[in-house]
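>>> The sequence and its predicted three-dimensional model are supplied below.
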Protein chains: 2
Amino acid sequence: MSNQNSALNPSSLKCSQCGLGKLCLPLGLDSQDMSQLEAIIDSSSAYNDSQTVFNANQSFERIYAVKSGMFKTVVTDANGNEHILGFHLPGELFGLDAIYPKKYISTAISLGTSSVCGINYTDLETLSSKLPSLQKQLFNLMSKEVHTSQAMSVEHVADQKLAGFILALSARYKQRGYSETRFNLAMPRRDIANHLNMAAETVSRLFKRFQQEGLLDIKRTDLQIINIDALKRLAGCASVCE
Amino acid sequence: MSNQNSALNPSSLKCSQCGLGKLCLPLGLDSQDMSQLEAIIDSSSAYNDSQTVFNANQSFERIYAVKSGMFKTVVTDANGNEHILGFHLPGELFGLDAIYPKKYISTAISLGTSSVCGINYTDLETLSSKLPSLQKQLFNLMSKEVHTSQAMSVEHVADQKLAGFILALSARYKQRGYSETRFNLAMPRRDIANHLNMAAETVSRLFKRFQQEGLLDIKRTDLQIINIDALKRLAGCASVCE
DNA sequence: TCAGTGCCTTGACTTGGATCAAGGCAAGTT
DNA sequence: AACTTGCCTTGATCCAAGTCAAGGCACTGA
């Protein structure tokens, strides 16, 4: 399946110098609060492609913030079928669904070379009750997580789902200061298909159709959105209209 | 669509006397903390069938805890199609997805005679930073919410989805001290179908099949689970195995 | 008791997307 | 340059579930 987890090159860049501060946990913290947060963060462990950050059922200790690259979270059902719950971009947290059950629900795997910051959850809880802005930001990030998980379930036809997926990625890249019309998908077709509950062949045919209809241009993982409005109309806006 | 929102019979039963304390926000609070929580809660507004608690796009002010009955949250996409995001049982919160965007994402509607407690979110934030146990419980409830939204997306064949839905309801009723094998569905077939992204006819045919296979017995909304293990095997356990 | 209404069930037909099976193409290896 | 490997695309076929249409059954109110 996937390799053992192992941290390479732990470049210990602190939150205050990280550049993701406007999206990630530190949002809203003053420099004094920030250094308290920095004190409980294991800054930046790096992973090669397809390495495991944590496994499902492992006992919950830390939540993770993506620093660079991309991670996916995967569950395996009783019949051994894997399902990708989500993809996580820089500045996003994962492992939040493990808080209540006190164990990880999913397995987290890197897509390409990527890095994360780990945050001990008990420490984070304690610090949150001292720093109202941190508590507020955590609530915000969790609320967002609830929202995105729900949005997925609205579209149910294949083309809407794929359009919605692309638009959601686009919006998230935009937020991070990248182009909203051209970005790298990072994950293979198979993973997109799995995440959206469809066959890889369907993803392939839909990308072709979208291209023929002048909605986008795609070569391997390099995606360029050409007609974003038409794409939004197609998706029915469910995952993206704000 | 649905009637105007209107609060009837505001029976002001406090948290400390409510019986849902083991599931709801007060979990883990001592009696002193509890009275602080009670002070910021508008206890119990009652609704008749199909009444609206809040509308999508309305500005966010409060989260709600179900006191009795059931509520559904519904979004409408750009094409006017409605989609039911979830059903909410006593002791569960709804409106959490509105925290980050600061406006309600969905419309909340009562199913049958039901009641809620409303909690001003700003007050709740403030109080949470004073009461670590309250903060902890809020994080737990939000984590749970993330988890249940995600679990939905795992099953993708109709019979698995319906089995998973029934089992999830069963587990939630059990938690609340009700029978896990016999309960009232409260919502019509159409709503189940909509929530699970399928046709009402399919729900009907599947219930018939489940009944023929000796998995359950259903008459209108009165559901009795006969072979819960077989049902779990069918669902692949995704939404329920813990 | 009987018509009216809303919800659920059943059957016949249609279709979107899965599956199966080949083939293509890029990048690395020998 | 030829071979291998992994991923993606394309075409042919099939089936699960949607749609359409009719009928049944349990409440309601006159």
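Happy to help now that I have it.
>>> counting contacts, what elements does the longest helix seen in chain A pack onto?
Criterion DSSP state H: the longest helix present in chain A is helix A:132-151. Applying 3 or more Cβ pairs under 8 Å, 6 or more residues apart in numbering or on different chains; DSSP states H and E, we find helix A:132-151 packed against helix A:31-40, helix A:121-130, helix A:158-175, helix B:121-130, helix B:132-152. Any C-beta I mention is one placed from the backbone N, CA and C, and that applies to glycine too.
>>> Could you report the neighbour count for A:Gln212?
8 (other Cβ atoms under 10 Å in any protein chain shown).
>>> Oh, that last question was meant for A:Lys103, not what I typed.
Neighbours of A:Lys103 (other Cβ under 10 Å): 15.
>>> roughly how far apart are it and A:Thr122?
Per Cβ to Cβ, to the nearest Å, A:Lys103 is found 15 Å from A:Thr122.
>>> Same check on A:Lys232?
42 Å.
>>> okay, those two: which has more neighbours?
Between A:Lys232 and A:Thr122, counting by other Cβ under 10 Å, A:Lys232 is the more crowded of the two (18 against 11).
>>> is it true that the more buried one touches A:Leu167?
Yes: contact criterion Cβ atoms under 8 Å: A:Lys232 and A:Leu167 qualify, at 6.2 Å.
>>> Excluding chain neighbours, give the residue nearest to A:Gln58 in space.
A:Tyr104 (5.0 Å; Cβ to Cβ, 6 or more residues apart in numbering or on different chains).
>>> and the one you found, how many neighbours?
23.
>>> quick revisit: can you tell which of the helices and strands packed on helix A:132-151 is closest to DNA strand D?
helix A:158-175 (11.5 Å; Cβ to the nearest atom of the strand).
>>> So is the closest one next to DNA strand C?
Yes: remark: helix A:158-175 sits within contact range of DNA strand C at A:158-159, by Cβ under 7 Å from any atom of the strand.
>>> That helix - contacts with which helices or strands?
Going by 3+ Cβ pairs under 8 Å, 6+ apart, helix A:158-175 lies up against helix A:132-151, strand A:182-184, helix A:189-195, helix A:200-212, strand A:222-225, helix A:228-235.
>>> buried set for it?
Of the residues in helix A:158-175, A:158-170, A:172-173 count as buried by neighbour count, 16 or more other Cβ atoms under 10 Å in any protein chain shown.
>>> List the contacts of A:Ser59.
Contacts for A:Ser59 (Cβ atoms under 8 Å, 6 or more residues apart in numbering or on different chains) come out as A:102-104.
>>> with those in mind, which one is nearest to B:Ala46?
Nearest to B:Ala46, judged by Cβ to Cβ, of these is A:Lys102 at 35.9 Å.
>>> Which strands or helices does the helix or strand of chain A with the lowest mean pLDDT pack on?
Lowest on mean pLDDT, DSSP states H and E among the helices and strands of chain A sits strand A:41-47, with a mean of 89. The helices and strands touching strand A:41-47, judged by 3+ Cβ pairs under 8 Å, 6+ apart, are strand A:62-76, strand A:107-120.
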